[in-house]
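>>> Fold the stuff below for me.
(chains A and B)
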Amino acid sequence: MATSTNGPQGLSKCVTLVSSDGFEFVVLREAACKSGAIKRMLDPKSNFAESTTGRCVFEEINGIILEKVAEYFCYSYKNRNTEQVPDMEIPPELCLELLMAADYLDGEYEYCQLSGHLLTDY
Amino acid sequence: MLNRNPPPPPGQAPVAGAGGGPRRPTRQIRGPHSALTDFLASHNISANQIRQDAMARRAAALASQQDEGDGDENEDEGSTSSPLPELASTSSRRKKETKAQSEKRKKGEEKAIAKIKASKKFQRQKRMYGYDSDEDMSDEDEAARAIFEESMAPLPGQMENCELCDTRFTVTAYSRSGPDGGLLCLKCTKELDKEEGAARKKRKTAAGKQRRQLQSNLLDGIYPGAKGLVTLCVEALARNVDQAEDFGDLPAPLVDRLAAILSKKRLLNSTTFDLFLRPHNDTITVYDAAKLKSDDYIRIFQIVPKIKHLRLRNAIQFKNKVMDHLLATTVELETFSIHGANLIDDERWNNFLAKKGSHLKALKVYYTDGHFGDEQLELLPELCPGLERLKISHNQKVTDKGIAHIASLANLQHLSLELYKPTSTPPYVDILNSVGPTLRTLSLGTVSRIDDSVLEAIHENCQNLSKLRITGNEILTDKAFASLFTNWYNPPLAYIDLHKCRHIDATSPRENPDGIGLCSLGFEALMAHSGSTLKQLNIHSCRHISLESFETVFAPGKIYPELTKMNLSFCRNVNDFVVGCIFRACPNIKTLEVFGDFGVKDVRVPKGKILIGVPNAMGMQIEGTEQDEGRII
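Modelled structure (predicted):
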């Protein structure tokens, strides 16, 4: 694991995400912190076990979905300073499960991103 | 060299003896003559003859220049720096030029193209369309050549021979140039367009489409860049909604987002609607029910008998039949929000209030045309004693008489009215005197005739307001606004909308001697009172707020931590400096609207913020902040 290269606060640069069926994905800490839930888990102030080990185990998310989640982290990290980003492909059969996982991981909704003006004032 | 026959200008009959071309019979059909031509003709001087002579002289001069050029290559370098004499001629001549001439011509062309490429105008265009990478180098050459060929083409209105088929045709502004630079006739143009047109056109529009999409997203409040995973999933799900069978136990907020996005894409019909009928749920929201039929609405009450909150927009087919069915069921609605249901008559509304009114906590009625009026409002206090939220929007029937009954709704907390019939001050003051202390929302849309006593009543009675909207008024004064927000017992508000509260005078629009509308005093008092918790502020068209006032409110040291959305459109004193101050004073601002503020010209927008309505064609420019590297749209 990439624990040898340490970040500014003595934290490892990468973290490991573990799925319910045992698949492990190593992603950049900064990329994974796009998710509110993971950010809170890894916050050194939180005293969660994850914050010291850098390993997040998700009992509810299987390997296929977690792979997509990890792919999204990389996609969003790569495009963090770009304006015109092509949307990431999401296979229709994974949509619902991925949506549930995204909802769980995100922690908070981006309500301003609803359909915009259509929904205001009602 | 002079064996070339210049194409005669249109409307000019060939004159005998000029040039060696075949003689055509002279026709008597002529264009209009000028008085000068007539005068000269009477003195036996022909205007045509003069023109022909001049052309012959010019051609001779040109020919001698070229002869010199052929003789001395070095001198040629200087003389071709202006390729213009060459440009006057076109492909018809090229067939006859020698090899040396053609080489020379090519050299001249290259030079001219290089000159075009270096020109400021071309650089600007290049930046605009972004030919920057290597693969675009050929595009750049192409673009420069296009400009060059454009400059040497005959002017519109002249006659020319088509480069491909040699037919004679009139040059127009839309004439296209062919593969060798000559112009093409209409027929050949069409053929050429057909051959290469599709690909060429597509490439050109793709960039524009992308830019417009970006601006459209900004207007929708979507910041450019990678979308959230939830958003991506919801969109993917919306694209494949025909394959979905069941949403499973998707959390309610996500179902709501799906409902919103499906409605936005106009995908919500009888089939997809079934996905939202989940028997164990108590909420159904349809943002666009235009495609649903009466039977679909009836299905709601059959499949989801426990429904408590029903919100339907564009529910045109929610008519008497559906209402009758609802009245026959045991459904006990707490929230009923219906938009566009203009086929429910007053009798059904009375029945609905009588049978289902006792459970109602929120009633929202939008766009019912000639139905739902004073009579129904009169029934409300008696039949719906628990009503906490009442909204009547875009109603054509309710008048002062009906509004007066709202004062007897003892539990009312949220009141929102937008009526088409003109209303007056007294009923509003009555409402505020009786239910003012418990009101949390007060929204009075387009109340053009109410006066300062309403503001006084708000100041005296309201203690729990968090949302205040008074719009479209021409009577309320700045002083009254200022005293409303000064020493007000009410805690700071979260949402204030006072748009279009302004003085209107077509003859002297900038004068406002009586201080009508929300002006400097009122605005400063408002921000002093509510600035600490204010989330949204809309003061568009409040034109008389002064620049000094904006500068004081957003001065260094003032912080409005909660403010996320602000609309300052048509506040004519807003300028670059004010916008800069706002970005400093409101750290959490997401969108700022400045339509029609012509003082806003060239402002740096920090990353993560959206500035809408900048009066230039390219829209917003985003730049860096202290934390992140900059980027520009």
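>>> Next, the contact list for residue B:342, please.
Residue B:342 makes contact with B:316, B:367-371, according to C-beta atoms under 8 Å, 6 or more residues apart in numbering or on different chains. (Each C-beta comes from the backbone N, C-alpha and C, glycine too.)
>>> Could you point out which of those residues is nearest to chain A?
Of all the contacts of residue B:342, chain A sits closest to residue B:367, with 12.3 Å by C-beta to the nearest C-beta.
>>> if I pick the closest one, what's in contact with it?
B:339-340, B:342, B:393-395.
>>> ok, the nearest residue to residue B:445 once chain neighbours are set aside - contacts?
In space, and not counting its chain neighbours, residue B:445 is closest to residue B:418: 3.3 Å by C-beta to C-beta, 6 or more residues apart in numbering or on different chains. Applying C-beta under 8 Å, 6+ apart to residue B:418 gives the contacts B:392-395, B:443-446.
>>> Name the residues of the helix or strand of chain A with the lowest mean pLDDT that come out as buried.
One helix or strand of chain A scores below all others by mean pLDDT, DSSP states H and E: helix A:49-53, with a mean of 83. For helix A:49-53, a neighbour-count test (16 or more other C-beta atoms under 10 Å in any protein chain shown) marks A:50-51 as buried.
>>> contact partners of it?
By C-beta under 8 Å, 6+ apart, helix A:49-53 touches A:41-44, A:56.
>>> Quick check: strands, which of the residues you listed are part of them?
Under the assignment DSSP state E, the contacts of helix A:49-53 contribute residue A:56 to strands.
>>> Determine whether the claim that residue B:392 is in a strand is correct.
Yes. Per DSSP: H, G, I helix; E, B strand; the rest coil, residue B:392 lies within a strand segment.
>>> Quick one: neighbours of it, just the number.
By the measure other C-beta atoms under 10 Å in any protein chain shown, the count of residues near residue B:392 is 24.
>>> My read is that it contacts residue B:372, right?
Yes. Contact criterion C-beta atoms under 8 Å: residue B:392 and residue B:372 qualify, at 7.3 Å.
>>> now for the helix or strand residue B:403 falls within, which elements pack on it?
Using DSSP states H and E, the element containing residue B:403 is helix B:400-406. Taking 3 or more C-beta pairs under 8 Å, 6 or more residues apart in numbering or on different chains; DSSP states H and E as contact, the helices and strands that helix B:400-406 lies on are helix B:374-383, strand B:414-419, helix B:425-435.
>>> residues in contact with that helix?
B:373-378, B:380-381, B:390, B:412, B:415, B:417, B:419, B:423-424, B:426-428, B:430-431, B:435.
>>> Ok, stretch B:279-299 next?
A:115, A:118-119, B:252, B:256, B:259-260, B:263-264, B:266, B:268-270, B:273, B:276-277, B:300, B:303-319, B:321-322, B:325.
>>> again, but for stretch A:55-67
A:15-23, A:25, A:32, A:38, A:41-42, A:50, A:69, A:94, A:97-98, A:101, A:104.
>>> Name the nearest residue to residue B:162, sequence neighbours excluded.
residue B:185 (3.7 Å).
>>> quick one, domains of chain B?
Structural domains assigned to chain B are B:1-15+B:33-69, B:98-152, B:154-218, B:220-344, following automatic domain parsing.
>>> could you redo those as a markdown table and give each row mean pLDDT?
Output for the domains of chain B, formatted as a markdown table (pLDDT from 0 to 100):
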| stretch | mean pLDDT |
| --- | --- |
| domain B:1-15+B:33-69 | 67 |
| domain B:98-152 | 64 |
| domain B:154-218 | 76 |
| domain B:220-344 | 90 |
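>>> For residue B:589, what is the enclosing helix or strand?
Using DSSP H and E, residue B:589 sits in no helix or strand.
>>> Could you tell me how far residue B:288 is located from residue B:298?
19 Å (C-beta to C-beta, to the nearest Å).
>>> More neighbours: the two, which one.
Taking other C-beta under 10 Å, residue B:288 and residue B:298 do not tie; residue B:288 has more neighbours (22 against 17).
>>> For that one, which three-state class applies?
coil.
>>> again, but for residue B:443
With three-state DSSP as the criterion, residue B:443 reads strand.
>>> From residue B:593, how far out is it?
Distance from residue B:443 to residue B:593, by C-beta to C-beta: 19 Å.
>>> swap in residue A:72?
32 Å.
>>> When those two are compared, which one has more neighbours?
residue A:72 (26 against 20).
>>> So what's the model's average confidence on the host helix or strand of that one?
Element membership for residue A:72, per DSSP H and E: helix A:63-78. Per-region confidence: helix A:63-78 scores 92 on mean pLDDT.
>>> Render the CA-only coordinates of it in CSV, please.
What follows is helix A:63-78, C-alpha atoms only, in CSV (Å, rounded to 0.1, in the frame of the first residue of the first chain):
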residue,chain,number,x,y,z
GLY,A,63,-17.4,-4.9,-5.4
ILE,A,64,-19.1,-4.0,-8.6
ILE,A,65,-20.7,-0.8,-7.2
LEU,A,66,-17.6,0.2,-5.2
GLU,A,67,-15.5,-0.1,-8.3
LYS,A,68,-17.8,2.4,-10.0
VAL,A,69,-17.6,4.6,-7.0
ALA,A,70,-13.8,4.5,-7.0
GLU,A,71,-13.9,5.2,-10.8
TYR,A,72,-16.1,8.3,-10.0
PHE,A,73,-13.6,9.5,-7.4
CYS,A,74,-10.8,9.4,-10.0
TYR,A,75,-13.0,11.0,-12.6
SER,A,76,-14.0,13.9,-10.4
TYR,A,77,-10.5,14.4,-9.1
LYS,A,78,-9.1,14.4,-12.6
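>>> Quick one: work out the angle between the next helix or strand after it and helix A:63-78.
Sequence order places helix A:95-106 as the next helix or strand after helix A:63-78, per DSSP H and E. For helix A:95-106 against helix A:63-78, the angle by axes from the mean of the first three to the mean of the last three C-alpha atoms, to 10 degrees is 60 degrees.
>>> Show me the contact partners of helix A:95-106.
For helix A:95-106, the surrounding residues in contact (C-beta under 8 Å, 6+ apart) are A:35-38, A:58, A:60-62, A:65-66, A:68-69, A:90, B:228-230, B:232-234, B:236-237, B:240, B:244, B:247-248, B:250-251, B:254.
>>> Now, these that are in strands?
Using DSSP E, no member of the contacts of helix A:95-106 falls within strands.
>>> out of those residues, which are inside helices?
Among the contacts of helix A:95-106, the members found in helices (DSSP state H) are A:36-38, A:65-66, A:68-69, B:229-230, B:232-234, B:236-237, B:254.
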